[in-house]
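# here is my input, please return the structure:
(chains A and B)
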Amino acid sequence: MLEVINVSKTYKRSQVKALVDVSFSISQGETVGLVGPNGAGKTTLIKSILSLLIPSRGMVKIGGMDVQTHRYRVLKQVGAVLEGARNLYWRLSLRDNLLYFGQIRGVPASVIERRMPGVLEALDLEGLERRLVGDLSSGQKQRAALAVALIHSPAILILDEPTSGLDVPSVDALVSVLVGLKRERDLTVLLSSHNLAFVQSVVDRVLFIDKGHLVEDMSISELEDVEAGNSYLFTLKAQGGLRSKVMRLFPEAKLQWKGENPGIVMTIPPEETLSSFVSRLEKEGITVLSAERLNKDLMSIYHEMLDEEAPRDD
Amino acid sequence: MTEYLRAVKAEIVREVKESFQYRTALASDLVVLALVYSGLLFSGKFTWIYRQYGGEPGESLSMLLLGYMFWSYSIYALSQMGNDIAREASVGTLEQKFMGVVPLPLLLAAKALGGSIVSSLLVAVLVMLSTVAFKVTLQITISAFLALLVTLVGMYGLGFAIAGLAILVKRTGQLVFLLQILLLFLTGAILPLNSMPLIAVFLGRSLPLTWGIDVARASVAGTGGIVSRWIWLLLTSAASLAFGLILFFWFCKKAREEGSLGRY
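Predicted structure coming up:
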């Protein structure tokens, strides 16, 4: 449904490499979260997908069509709510906004009128259609922007920081809305957010982006494996050369040197149990003094990703 | 084609509805127009107009009103395309417009049409005020009305250039204000262009507003040489539209390269 192919973007004026050779694809009906710190390149990526930005290299395809060359045909399939923007005319009613944005996206007014009750109901905005958007609460405004993004029945919904400025009940309401939309409409969703609990509760897959690089692409089931406790902090002892032994056996392992007890953080492969893994270590002359199970969530995985240096831009 | 017409209609309706939501701004626009017009009537002698175009001396003020009306439409065009686009960029609706299924210039042209409806209401109130309070009536011919339409095409063309600039650099308010003032003095609306320095005459004659006012006054006064005036009006208007659109597309491309479309 959505393909991002080797997209790079360097801003000429500042020479900032905002995106470096980013590639991924999203299948129809999939909900994907885009996670990364400020300045990681999330908004640049989203604007490239929406053709609001011209990438320096690479291509974005939606439904098999290049968004830069077939912009008008492609954008019919896309609804978007962008970060830090009102996205709507606050001095007009919600109904007027829906009619206006629906029509500039090619939908006749009569069809919009027919769809409006369903969209408003799905977003818990019934009875508010005659109110000026500026008079709605923050949560209602965000849902109103979502309603406008959905009124032309897009196949893809793109949300840039949809929880920005929302309180906890409004975020919870947004989660319910997105989960409901996913279930009912088979929508493909790409969303970016700093609210990791929100991301985790709605997505099927998470893309970690840092310094313009896509550093990890992890399905929610992989994430759940990690969360389920396959990760341990082992405290180890060996007769000389512990570091070299460990690095030879587990090149991916993270060594932590705390006082006299060096430790490694390891995720046990799915085919092994804790005891078989410990036996394997002991065969190599490494004594396991303790094994502490690590419960991770998206937040801790995110921080681990950020601790690892993103590839250099050359 | 249907999609385009639908989008154009939606944009006109939205522009008119939204303009009336900003009633205070509309009222202050009207007050400024009326005050400037009243000031002109009380302070100036405009007999040069009837000397230039012929007709009766008493028609000078009516000719002044005609030129002032052209100027009022034109400054609204510039302000709408410059200041409004900058405002839309700041609130994020410009990006949403850009994601529509019709080209942005078409939506902006529709916005201009909607804006012309609103400015027509302002001008109508001004003309009524002029008739009731100052006994200065507006005389208009079909040719003068057509000249107004052609002038507006050219002025909205220049508006496209300012809209493009607003998309790229955002703050165009001061520039728009300066242009509005210059248009009052450089187009023969209130001062004879021939009495200006050569550079001002050259600049003034390259503007469709100057030729629009000239055609309208000549048409109302029944002055000769109307054909050559019309040719100049059509040429300057077409050139302004082409110039404005070329700059608009160029500024839009730059904004998309720099990622500044919609950022404020």
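# ok, the closest residue to chain A within the stretch 1-150 of chain B - how many residues close by?
Of the stretch 1-150 of chain B, the residue with the smallest distance to chain A, taken as C-beta to the nearest C-beta, is B:Gly92 at 2.3 Å. From N, CA and C alone the C-beta is placed, and that goes for glycine too. Using other C-beta atoms under 10 Å in any protein chain shown, B:Gly92 has 21 other residues around it.
# per-residue pLDDT, it?
At B:Gly92 the predicted local confidence, pLDDT, stands at 81.
# residues contacting A:Ala145?
Contacts for A:Ala145 (C-beta atoms under 8 Å, 6 or more residues apart in numbering or on different chains) come out as A:81, A:86-88.
# tell me how many other residues crowd residue 86.
The chain I'm using is chain A. When neighbours are counted by other C-beta under 10 Å, A:Arg86 registers 17.
# look at chain B instead
When neighbours are defined as other C-beta under 10 Å, B:Ala86 has 22 of them.
# quick one: contacts for it?
By C-beta under 8 Å, 6+ apart, the contact list for B:Ala86 reads B:166, B:170-173, B:264.
# hmm, back to that, for the residue of the stretch 1-150 of chain B closest to chain A, phi and psi?
Main-chain torsions, B:Gly92, degrees, to the nearest 10: phi 90, psi 0.
# I'd say it and A:Ala80 touch.
No: B:Gly92 sits out of contact with A:Ala80 when judged by C-beta atoms under 8 Å, with a separation of 10.3 Å.
# remind me which helix or strand residue 4 belongs to.
All of this is about chain A. Using DSSP states H and E, A:Val4 sits within strand A:2-11.
# could you do chain B instead?
With the criterion set as DSSP H and E, the secondary-structure element containing B:Tyr4 is helix B:2-21.
# what inclination does the next helix or strand after that helix have with respect to helix B:2-21?
Secondary structure here is assigned by DSSP H and E; on that basis, the next helix or strand after helix B:2-21 toward the C-terminus is helix B:23-43. Using axes from the mean of the first three to the mean of the last three C-alpha atoms, to 10 degrees, the interaxial angle of helix B:23-43 with respect to helix B:2-21 works out to 70 degrees.
# what's whichever helix or strand comes after helix B:23-43 in contact with?
Beyond helix B:23-43 on the C-terminal side, the first helix or strand identified by DSSP H and E is helix B:47-53. Applying C-beta under 8 Å, 6+ apart, the external contacts of helix B:47-53 come out as B:56-57, B:59-60, B:63-64, B:67, B:192, B:217-218, B:220-221, B:223.
# what does stretch B:144-152 give?
Residues contacting stretch B:144-152 (C-beta under 8 Å, 6+ apart): B:66, B:69-70, B:73-74, B:77, B:112, B:116, B:208-209, B:211-213, B:215-217, B:219-220, B:230, B:233-234, B:237.
# now that stretch: buried residues?
Judged by neighbour count using 16 or more other C-beta atoms under 10 Å in any protein chain shown, the buried positions of stretch B:144-152 are B:144, B:146-148, B:150-152.
# where do the strands of the stretch 151-300 of chain A begin and end?
With DSSP state E, counting those that start in this stretch, the ranges of strands along the stretch 151-300 of chain A come out as A:156-160, A:188-192, A:205-210, A:213-219, A:231-238, A:254-258, A:261-267, A:286-293.
# torsion angles phi and psi at B:Lys45?
Given degrees, to the nearest 10, the pair of backbone angles that B:Lys45 has is phi -110, psi 120.
# please apply the same query to A:Ser25.
phi -140, psi 160.
# grab the nearest non-local neighbour of it.
In space, not counting the residues next to it along the chain, A:Ser25 is nearest to A:Glu3; the distance is 4.5 Å by C-beta to C-beta, 6 or more residues apart in numbering or on different chains.
# if we can go back for a sec, filter the contacts of stretch B:144-152 down to the buried ones and hand me the ChimeraX line.
In ChimeraX, this line selects whichever of these come out buried by 16+ other C-beta under 10 Å:
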select /B:66,69,70,73,74,77,112,116,208,209,211,212,213,215,216,217,219,220,230,233,234,237
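# show only the entries of the contacts of stretch B:144-152 found in helices.
B:66, B:69-70, B:73-74, B:77, B:112, B:116, B:208-209, B:211-213, B:215-217, B:219-220, B:230, B:233-234, B:237 (DSSP state H).
# hmm, back to that, with distance to chain A as added columns, please give the contacts of B:Ala86 in a markdown table.
As requested, the contacts of B:Ala86 are exported to a markdown table (distance: C-beta to the nearest C-beta, whole Å):
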| residue | distance to chain A |
| --- | --- |
| B:Ala166 | 16 |
| B:Lys170 | 14 |
| B:Arg171 | 17 |
| B:Thr172 | 20 |
| B:Gly173 | 19 |
| B:Tyr264 | 9 |
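# from those, pick the one nearest A:Leu159.
The shortest gap between A:Leu159 and any of those belongs to B:Tyr264, at 20.4 Å (C-beta to C-beta).
# next, format the buried residues of stretch B:144-152 as CSV and append secondary structure and pLDDT.
Listed next are these as CSV, based on DSSP: H, G, I helix; E, B strand; the rest coil; pLDDT from 0 to 100:
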residue, secondary structure, pLDDT
B:Ala144, helix, 91
B:Leu146, helix, 95
B:Ala147, helix, 94
B:Leu148, helix, 93
B:Val150, helix, 95
B:Thr151, helix, 95
B:Leu152, helix, 92
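# and A:Leu207, what does it touch?
A:24, A:32-35, A:214, A:216-217.
# tell me the bridge partners for it.
A:Leu34, A:Asp217 (DSSP bridges).
# from A:Leu242, how far off is it?
For A:Leu207, the distance to A:Leu242 (C-beta to C-beta, to the nearest Å) stands at 36 Å.
# all set, thanks.
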